[in-house]
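Visitor: 3D model of this:
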Amino acid sequence: MIRTLLRVLGHEYAGPMRRTVAVMTATAVAEGLSYALLVPVLRALFGERPAKAWPWLVAFLGAFAVYAALRFLSDRAGFRVAATLLRGAFHRVGDHLARLPIGWYTAGRVGELSVLAGRGVLDAVGVSAHVLSPFISACVTPLTIVAVMLAFSWQLGLAALAAVPVVIAVQVWTGRSMAAADAERTDRAHEATDRVVEYLQAQPVLRAGGRTAERFRLLDDALHDLQRASRRTTLSALPGTIGSTVVVQAAFTALLALGAYFALAGSVGVAEVLAVLVLAARSADPLLALTDIGSKVRAARSVLTRLDAVLRTAPCPSPRSRSSRPATTSRSTP
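Guide: A predicted model of the protein is given here:
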């Protein structure tokens, strides 16, 4: 999606976007690594001398301060890049639309452009401010937590690592099942907008004939189709959401059972088991939100793909400048 966004806006925005993504990734990694200090804190608290937990608790507070600073920088960078990209997107789309031939603006394209050039650009570019950071955090932070689990308890870490392919498979299946519904809803939205534009353009004729109070079947059908497509889109998200919840909860339950077994067997300490369970519970929240975040990312990618197709349309040939015209010899009048 980021490559499509940079192709739509131009390569001059590649540097700020890459720096923003790097800061967001570092923030997600710092969040996952900060939870590693919970293991020595809990180990000292459940040990013979709980006072030994103070140095680790201070270290945990320091790591949290570093994470808070990185989170502030990443959020600010995301909003600044979004504002810059928004201006660039509107300018580039407007300049390109002004160079397109008049015959290109058919009745169907007017409705599509009214959606793309308005709300579509705002939603697509606003991803960097509102969606990109949670999406990176939902992907990178759980993986970092799994690495922390492997460092402290390889048995529970391997159990958590085994759930990663299942979660990825559920997300891929959800994305593919929702792609058709999203595409249908987008097409219905464009068709409904076309009918609204057509209805507005026909107002002089309708008012002259006294038919403004009548209902129009084409417009009503388009609005009803949009409503049904929106309902199907919502229903298509339910299997993925339920499947992701079931997988995450099943993985957490398996870790809980394995942790209790290893703690009773004496192969893993109680403090390590409690810390790993806290880490697993913390990584479950972003994974549960990944389905909703992924739907927003897919919607933004669809808009960017349509904008890229519009920007790839060949504009009208520009006239040659006056300096490039061949010089003509002036004749002197007798």
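Visitor: so what does the helix or strand in which residue 243 is found touch, helix or strand wise?
Guide: For residue 243, the enclosing helix or strand under DSSP states H and E is helix 217-265. Under the contact definition 3 or more CB pairs under 8 Å, 6 or more residues apart in numbering; DSSP states H and E, helix 217-265 sits against helix 154-201, helix 270-288, helix 290-311. To be clear about C-beta, it is placed using only N, CA and C from the backbone, and glycine gets the same treatment.
Visitor: How far off centre is it?
Guide: Taking the mean C-alpha point of helix 217-265 and that of its whole chain, the gap between them comes to 17 Å (CA atoms, centre = their mean, to the nearest Å).
Visitor: now that helix and helix 290-311, what's the angle there?
Guide: Interaxial angle, helix 217-265 versus helix 290-311 (axes from the mean of the first three to the mean of the last three CA atoms, to 10 degrees): 140 degrees.
Visitor: Let the chain start at 49 from now.
Guide: All right, first residue 49 from here; so that's helix 265-313.
Visitor: Would you mind saying which of the helices and strands packed on helix 265-313 lies nearest residue 196?
Guide: For these, the distance to residue 196 is smallest for helix 318-336, at 6.3 Å, taking CB to CB.
Visitor: And that closest one, what does it pack against?
Guide: Of the remaining helices and strands, those touching helix 318-336 by 3+ CB pairs under 8 Å, 6+ apart are helix 86-93, helix 180-200, helix 202-249, helix 265-313.
Visitor: Downstream of the first one, the next helix or strand is which one?
Guide: The reference is to helix 86-93. With elements assigned by DSSP H and E, the helix or strand that comes after helix 86-93 is helix 101-147.
Visitor: Centre of the chain to that following helix, how far?
Guide: Going by CA atoms, centre = their mean, the spacing between the C-alpha centre of helix 101-147 and its chain's C-alpha centre is 14 Å.
Visitor: now that helix: mean pLDDT?
Guide: Helix 101-147 carries an average pLDDT of 85.
Visitor: which other helices and strands contact it?
Guide: Packing partners of helix 101-147 (3+ CB pairs under 8 Å, 6+ apart): helix 50-57, helix 62-82, helix 86-93, helix 169-173, helix 175-178, helix 180-200, helix 338-359.
Visitor: got the helices and strands packed on helix 318-336 as a markdown table, with mean pLDDT and mean neighbour count columns?
Guide: Rendered in a markdown table, the data for the helices and strands packed on helix 318-336 read as follows (pLDDT from 0 to 100; neighbours: other CB atoms under 10 Å):
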| stretch | mean pLDDT | mean neighbour count |
| --- | --- | --- |
| helix 86-93 | 80 | 20 |
| helix 180-200 | 86 | 21 |
| helix 202-249 | 78 | 17 |
| helix 265-313 | 80 | 16 |
